[in-house]
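Undergrad: Test case, fold it:
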Amino acid sequence: MRDYVEIGMGREARRYYSLNDIAIVPSRRTRSSKDVDTTWHIDAYTFNIPFVSHPTDALATPEFVIEMDRQGGLGVINAEGLWGRHADLEGAIQQVVEAARDEFDFVNEGNTQGIAKLQELHAAPLDTELLSERIAQVRASGATVAVRVSPQNARELAPVVIKAGAELLFIQGTIISAEHVEAGGEPLNLKEFVGSLDVPVIAGGVGDYTTALHLMRSGVAGVIVGSGQSTNDLALGVSSYMATAIADVAAARRDYLDETEGRYVHVIADGEVYRSGQAVKAFACGADAVMLGMPLCIAQEAPAPNTYWPSVAAHPRFPRGAVDEVFLENFAGGQPTLETVLHGPSASAGGELNFVGALRRTLAKCGYTNLKSFQKVDLAVER
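TA: Modelled structure (predicted):
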């Protein structure tokens with residue numbers, strides 16, 4: 001039964017829970033972590049680990065995306081980022097890093113100079129030929145190519161990136177619906193649009209059952225829950241408390257599975273995940289995969305080492321993401337590799353490293369050998 005509380009006369013609100021509000025409860029059975037299968041299958045694609053990188057230039061150069069694939073995960077390219085705007089991609093990213101480190105604004109939850117530099121760089125026109133060349137570079141490596149477009153620009157950019165080699169299309173914003181309506185323009189009806197494409201579509205972010213069910217009925221292969229490390233709560237007053245949101249969308253997945261007599265839509269969690277324990281809780285709530293943002297920026301292969309921003313930080317009029325610096329004082333041995341972040345070994349007890357190892361160990365401690373069965377694990381509320 002959903003929990004509603006009265007917040008004033010005649011006004012109720014539903015009680016939601018974040019990932020930090022819940023805990024996983026082990027059963028009496030345990031297993032060896034060597035017996036745990038972390039494989040993730042979506043459509044015709046198989047990944048050894050169920051981790052996806054957030055589509056931000058803070059994480060994505062062609063080299064990083066290729067390395068993410070080599071480590072068993074999925075790297076996502078932002079088609080509307082710097083890839084198609086600047087021939088010197090690494091130089092443009094370094095400009096953001098340097099601007100951000102000049103001044104950090106703790107009051108405004110980020111660095112205004114870093115955001116201003118992002119906006120300046122994103123003001124350059126999008127060169128679809130340059131974007132296509134870089135997508136083709138990733139495709140030529142043999143890595144699975146996933147590309148993100150915004151709902152506003154999906155109709156224009158999707159054919160471009162698919163022709164360049166995109167195998168999975170992410171239609172992702174911080175808030176999305178099954179029909180994007182824009183004054184003076186033709187609405188983007190996802191059901192019609194998805195049906196016209198030759199590649200699987202993953203869409204989001206959503207935070208509720210109804211929107212998720214509408215997206216599933218549009219024919220998407222996956223639904224993204226949450227808005228990443230955005231500042232929607234500060235800027236818009238909108239938040240997705242991830243434990244409840246994932247569980248609600250997982251319920252929509254179950255009902256849609258029954259409705260269609262067997263069509264399974266994957267749930268990808270994107271938000272509130274900074275350490276491995278939070279990622280594991282996301283799986284326990286019903287996620288099939290977890291999108292990692294800030295946790296990956298500490299890797300040596302990240303193009304903006306120790307600096308992170310979500311894709312929405314570059315919005316020209318209303319940015320909803322900070323340019324953050326991530327500190328590494330607690331890590332012995334200096335800057336970890338992406339392999340260490342994902343697979344370990346770790347010398348830190350705080351969950352910053354070895355995300356896959358944490359997932360394997362928790363499943364084993366709770367008596368499960370695969371992610372699907374782990375979604376039934378017992379949970380406790382910590383407050």
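Undergrad: Pull the contacting residues for the closest residue to Ile246 other than its chain neighbours.
TA: Spatial nearest neighbour of Ile246, chain neighbours left out: Cys285 (4.0 Å); criterion: CB to CB, 6 or more residues apart in numbering. (Each C-beta comes from the backbone N, C-alpha and C, glycine too.) Cys285 makes contacts with 19, 22, 242-243, 246-247, 250, 269, 375, 379, as judged by CB atoms under 8 Å, 6 or more residues apart in numbering.
Undergrad: With Asp288 instead?
TA: 40, 42, 50, 222, 266-268, 371-372.
Undergrad: 7 Å instead?
TA: 40, 50, 266-268, 371 (CB atoms under 7 Å, 6 or more residues apart in numbering).
Undergrad: ok, now Ser132?
TA: By CB under 7 Å, 6+ apart, Ser132 lies in contact with 160, 164.
Undergrad: The strand or helix carrying Val267: what's the following helix or strand?
TA: Using DSSP states H and E, Val267 maps to strand 266-269. Using DSSP H and E, the helix or strand that directly follows strand 266-269 along the chain is helix 276-285.
Undergrad: any weak-confidence spans in the stretch 151-300 of the chain?
TA: The model of the stretch 151-300 of the chain has pLDDT under 70 over residues 174-187, 230-232, 234-236, 238-239.
Undergrad: For the residue most central in space within the chain, list the residues it contacts.
TA: Closest to where the C-alpha atoms of the chain average out (CA atoms, centre = their mean) is Met291, at 3.2 Å. Residues counted as contacts of Met291 (CB under 7 Å, 6+ apart) are 52, 54, 224, 268-270.
Undergrad: Glu80 now?
TA: Going by CB under 7 Å, 6+ apart, Glu80 touches 126, 149-150, 153.
Undergrad: rerun that using 6 Å as the cut-off
TA: By CB atoms under 6 Å, 6 or more residues apart in numbering, Glu80 lies in contact with Ser150.
Undergrad: any idea how far it is from Phe318?
TA: Glu80 sits 15 Å away from Phe318, taking CB to CB, to the nearest Å as the criterion.
Undergrad: cool, Asn48 as well?
TA: Asn48 is 38 Å from Phe318, where distance means CB to CB.
Undergrad: List the buried residues of the longest helix seen in the chain.
TA: Assignment by DSSP state H gives helix 242-260 as the longest helix of the chain. For helix 242-260, the neighbour count (16 or more other CB atoms under 10 Å) marks 242-250, 252-253, 256 as buried.
Undergrad: Neighbour count for Asn48 and Phe318, which is higher?
TA: Between Asn48 and Phe318, counted using other CB atoms under 10 Å, the more crowded position is Asn48 (15 against 8).
Undergrad: wait, that one sits on Gln71?
TA: No - shown here, Asn48 and Gln71 do not form a contact pair, counting by CB atoms under 6 Å, at 8.1 Å.
Undergrad: For the stretch 251-383 of the chain, which segments are assigned as strands?
TA: Per DSSP state E, counting those that start in this stretch, the stretch 251-383 of the chain carries strands over the ranges 266-269, 289-292, 307-308, 324-325, 378-381.
Undergrad: need the ones you listed in a markdown table with distance to Val138, can you?
TA: Supplementary listing: the strands of the stretch 251-383 of the chain in a markdown table, determined by distance: least, CB to CB, whole Å:
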| stretch | distance to Val138 |
| --- | --- |
| strand 266-269 | 20 |
| strand 289-292 | 18 |
| strand 307-308 | 21 |
| strand 324-325 | 26 |
| strand 378-381 | 38 |
